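**Student:** The following block contains a protein sequence and its predicted model.
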Amino acid sequence: MKEELQRTGGVSQETSRSIAIMRFVLPFAVMAVHVFTLRNFHVKGIEYDFSQYPVAQGLEYFVKTFISDFSVPCFFFISGFLFFSSGFSGDIYKRKLRSRFWSLLVPYLLWNLLMVGYQALHFTPLFTAIAPSLANGHFDMTPGVFFLRFVNPPHIPPLWFIRELMTMVLISPVIFWLVNRFSWKVIAVMWCVWAVCMMVFTFGYILTITQSLLFFSAGSTFAILRKDPVAEMRRHIRAACIIFGTLGLAGFVMCFTTGWQSAVALKPFSVPCALVIAFTGALIWGKSDLRQRLLGPHALSDRFPGLSFMIFASHWLIIYDMQFLVFAVVKPTSDIGVASCVILSYICLGASIMLCYRLLGRVWPAAQRLLTGRAGKKKKRAAATAAA
């Protein structure tokens, strides 16, 4: 296995295909977590208090117990693995800093600026004519808040992942030294710290940084020690499914009885199991004849290379507007109707982003590359072509 990884730049063909599948699917899971985290709102004379709709609330709890909190750790794990998969040196570190400037920092700044502009748009006469409830409001953001929210929290809250990923890239030499010095022991210590923080903090920077450090370092450890994550994880799939299923059901019951915050205590055990299931599931799907018949030899991430990033970064902009629009048009009154509208909001949100991605690629491809972190890749291809 080590020889195979060395021949393929540190990533086996099976692992590379599995990662490509996961990187395309996981943003949809992140979007689902945010869409199905329901906030009460008033639209068209109807007050929607989701605690009064058990089916819709059950849908929310299902997402929180079976989907929430594992997609972002998977992203960190993949990022750490790929960062070190081709080795590590001073020159490699400098090269990767330059590439992350285009793939992380530039889109991070652009999407935050777009969010500020979109928030301001809500208070223009055109928008307030559509939404009269905003007519007496005004855009209130001081310069201090404007600059502070490029850091913590970002103007687009899900972009905390990009912020922490940039931090992990900066401290990657320290992670490399720790793994070489202590091997898996450093991951065990990080897991203990993260588990304690999960018990103590529901939200906050300490929780995000410990989670980021643990899973980025775990992926890094596989790469540095030349371990194939797919080959290692598939051995534990049976135990992972049993543990994850049991904890998921327990958390689902706890959401209704003691509140969803109490179910967070299960995450230090369920999230690693979800990681094993995600990698193994991607491996199985990648090998399946059905995938070959539907998609051919290429993954969707090859056909639409920036779409997953677009979905991850942009869905927060219009998530609540889309929910208001769907509920205003459908006007559901039954429990099943409300739950169906939440699902429809998710579908419409994803379809809208995919449409914008395709239109942007045709009308303004340079902007599409900047917003999806692919601007630097075009320069690399052009340089390679010129050299040839």
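**Tutor:** Nice, thanks for sending it over.

**Student:** CA atoms for contacts and neighbours, from now on please.
**Tutor:** Will do.

**Student:** does residue 47 count as helix, strand or coil?
**Tutor:** At residue 47 the chain is in strand, as set by DSSP: H, G, I helix; E, B strand; the rest coil.

**Student:** Same question for residue 39.
**Tutor:** Classification of residue 39 using three-state DSSP returns coil.

**Student:** Torsion angles phi and psi at it?
**Tutor:** phi -110, psi 140 (degrees, to the nearest 10).

**Student:** For it, which non-adjacent residue is closest in space?
**Tutor:** Using C-alpha to C-alpha, 6 or more residues apart in numbering and skipping residues adjacent in sequence, the residue nearest residue 39 is residue 50, 7.4 Å away.

**Student:** so that neighbour makes contact with residue 36?
**Tutor:** No. Using C-alpha atoms under 8 Å, residue 50 is not in contact with residue 36; the gap is 11.0 Å.

**Student:** nearest residue to residue 170 other than its sequence neighbours?
**Tutor:** Residue 170 sits nearest to residue 97 (C-alpha to C-alpha, 6+ apart), 7.8 Å away.

**Student:** Help me confirm that that neighbour is found in a helix?
**Tutor:** Yes. The assignment for residue 97, made by three-state DSSP, places it in a helix.

**Student:** Okay, it and residue 169: tell me how far apart.
**Tutor:** With the distance defined as C-alpha to C-alpha, to the nearest Å, residue 97 ends up 7 Å from residue 169.

**Student:** More neighbours: which of the two?
**Tutor:** Residue environment comparison for residue 97 versus residue 169 gives the larger neighbour count to residue 169, 19 against 16, counting by other C-alpha atoms under 10 Å.

**Student:** now the helix or strand harbouring residue 164: mean pLDDT?
**Tutor:** Using DSSP states H and E, the element containing residue 164 is helix 160-170. Per-residue pLDDT values over helix 160-170 give a mean of 96.

**Student:** buried sites along it?
**Tutor:** 160, 161, 162, 163, 164, 165, 166, 168, 169 (16 or more other C-alpha atoms under 10 Å).

**Student:** right, and the pair among those residues with maximum separation?
**Tutor:** The widest separation within the buried residues of helix 160-170, taken as C-alpha to C-alpha, falls between 160 and 169 and amounts to 14.2 Å.

**Student:** what's the longest helix seen in the chain packed up against?
**Tutor:** The helix spanning the most residues in the chain, taking DSSP state H as the definition, is helix 335-363. Judged by 3 or more C-alpha pairs under 8 Å, 6 or more residues apart in numbering; DSSP states H and E, the packing partners of helix 335-363 are helix 13-35, helix 54-66, helix 307-330, helix 365-371.

**Student:** For the helix or strand residue 243 falls within, C-alpha coordinates in PDB please.
**Tutor:** Assigning secondary structure by DSSP H and E places residue 243 in helix 237-257. Extracted as PDB, the C-alpha positions of helix 237-257 are listed here (Å, rounded to 0.1, in the frame of the first residue of the first chain):
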ATOM      1  CA  ILE A 237     -17.500  -0.300   8.600                       C
ATOM      2  CA  ARG A 238     -19.700  -2.800  10.500                       C
ATOM      3  CA  ALA A 239     -18.800  -1.500  13.900                       C
ATOM      4  CA  ALA A 240     -19.200   2.100  12.700                       C
ATOM      5  CA  CYS A 241     -22.700   1.400  11.300                       C
ATOM      6  CA  ILE A 242     -23.800  -0.200  14.600                       C
ATOM      7  CA  ILE A 243     -22.400   2.600  16.800                       C
ATOM      8  CA  PHE A 244     -23.600   5.400  14.500                       C
ATOM      9  CA  GLY A 245     -27.100   3.900  14.100                       C
ATOM     10  CA  THR A 246     -27.500   3.400  17.900                       C
ATOM     11  CA  LEU A 247     -26.200   6.800  18.800                       C
ATOM     12  CA  GLY A 248     -28.300   8.400  16.100                       C
ATOM     13  CA  LEU A 249     -31.500   6.800  17.300                       C
ATOM     14  CA  ALA A 250     -30.600   7.700  20.900                       C
ATOM     15  CA  GLY A 251     -29.900  11.300  19.900                       C
ATOM     16  CA  PHE A 252     -33.200  11.500  18.000                       C
ATOM     17  CA  VAL A 253     -35.100  10.400  21.100                       C
ATOM     18  CA  MET A 254     -33.100  12.900  23.200                       C
ATOM     19  CA  CYS A 255     -34.100  15.700  20.900                       C
ATOM     20  CA  PHE A 256     -37.800  15.200  21.700                       C
ATOM     21  CA  THR A 257     -37.300  14.400  25.400                       C
END
